[in-house]
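> Give me coordinates for this.
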Amino acid sequence: MELTQLGMTGLILLVALALFFDFLNGFHDAANAIATVVSTGVLKPNQAVALAATFNFIAIGVFGTHVAATVGKGIVDPSVVDHYVVFGALIGAICWNILTWYFGIPSSSSHALIGGIVGATVAKAGSGPLIWSGIGKTVAFIVISPVLGMLLGSLMMLLVTHLCARTTPTKVDRWFRRLQVLSASAYSLGHGGNDAQKTIGIIWLLLLTSGYLKAGESIPNWTIIACYSAIGFGTLFGGWRIVKTMGQGITKLRPYSGFCADSGGALTLYVASWLGVPVSTTHTITGAIVGVGSSRRFSAVKWGLAGSIVWAWVLTIPCSAIIAAIAWWIGHHVL
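This next block holds a predicted model:
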């Protein structure tokens, strides 16, 4: 497909749609970055979102584009992708994000986008163009990222409990009210570094398949800056419906336990970003919060709510894929 077939106006509209998804990603996933620090009372909501948005953008200078490359070239064969596939993928991801935000369900924007790409591609050309190694790596981290977050969160909790065993609760609380600002910043850095790259990847894919970029050309700087800015602004406006679920719905958090959850989640995101794996920040922080709660006692975690969240994880890719396939058909036959 050449750029002349799509037209510059169509290209601009699709890039704008991708940036809108990126904005929604920050808006929807703001709870992941700020829920712990807000629910423990360390920061007020407006302070927390400003902090998170700032570190979402700062991530532009910390992480490379490994995740963007996976999304742009490692999920489906780029030669099959056209503007209808990109349109379907984005509509599928956006609709699923809005639906889960409305009901306060902390689902994955990342996997909604992956599901959208897969669904729109299959609707056009069947399963042949799917790159199963890339899809398998992404699906594997649906399990790995929350488990790793849970493990690191619980280990951090055990370490902190051991180090502070002889310290008064008042002093512990005072220390970790400061430290939790650092851990929330670290998590927001990882959130921006992994999530913004997913939109960079789909815009990169669009530019390649439209003929705007040639094979082997690097990602334009304007794409990187625009995507990091969009996710930062989305976080700044914040998805408040999900904050309560993430902050105190799964387990009761204190400043020290919030610090442990954020730190465990941040480490997981850093590892995934450097490996080029598009993971879910929702899955990661949920696993870390569960790990922190269960390290105190098993009954401290509301396992029924945690189970409902897991169901949302399971349904995200297939549901967004179905919506994307329908959107592809509408785009191809009606628009």
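> show me the contacts for the closest residue to Gly190 other than its chain neighbours.
Of all residues beyond its chain neighbours, the one nearest Gly190 is Leu269 (3.1 Å), with distances taken as CB to CB, 6 or more residues apart in numbering. C-betas here are computed from N, CA, C, even on glycine. Residues near Leu269 by CB atoms under 8 Å, 6 or more residues apart in numbering: Tyr187, Gly190, His191, Gly193, Asn194, Val279, Thr281, Thr284.
> Low-confidence bits of the protein, can you list those?
Residue ranges of the chain with pLDDT under 70: 1-6, 31-33, 106, 238-251, 298-309, 335.
> just to revisit the earlier point, Throw the contacts of Leu269 into TSV and include distance to Asp82, thanks.
Converted to TSV, the contacts of Leu269 look like this (distance: CB to CB, whole Å):
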residue	distance to Asp82
Tyr187	37
Gly190	33
His191	31
Gly193	29
Asn194	27
Val279	28
Thr281	30
Thr284	33
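> So which of these is surrounded by the most neighbours?
Thr284 (34 neighbours; other CB atoms under 10 Å).
> Show the subsequent helix or strand relative to the helix or strand where that residue lies.
Using DSSP states H and E, Thr284 falls within helix 281-296. For helix 281-296, the succeeding helix or strand toward the C-terminus, using DSSP H and E, is helix 303-333.
> hang on, Thr209 packs against Val76?
No - when contacts are counted by CB atoms under 8 Å, Thr209 is not listed as touching Val76 (10.6 Å).
> Between those two, tell me which one has more neighbours.
Val76 (28 against 22).
> Need phi/psi at that one.
phi -140, psi 160 (degrees, to the nearest 10).
> how close does it sit to Leu13?
As judged by CB to CB, to the nearest Å, Val76 and Leu13 stand 22 Å apart.
> do Trp222 as well
Distance, Trp222 to Leu13, using CB to CB: 16 Å.
> And the two? Which one has more around it.
Ranked by neighbour count (other CB under 10 Å), Trp222 and Leu13 place Leu13 first, with 14 against 10.
> Show me what the host helix or strand of the more buried one packs onto, helices and strands only.
Taking DSSP H and E as the criterion, Leu13 maps to helix 8-39. Under the contact definition 3 or more CB pairs under 8 Å, 6 or more residues apart in numbering; DSSP states H and E, helix 8-39 sits against helix 45-58, helix 83-102, helix 109-125, helix 169-210, helix 221-237, helix 240-244, helix 255-275, helix 281-296.
> Just the closest of the contacts of Leu269 to Ser109, please.
Thr281 (8.2 Å; CB to CB).
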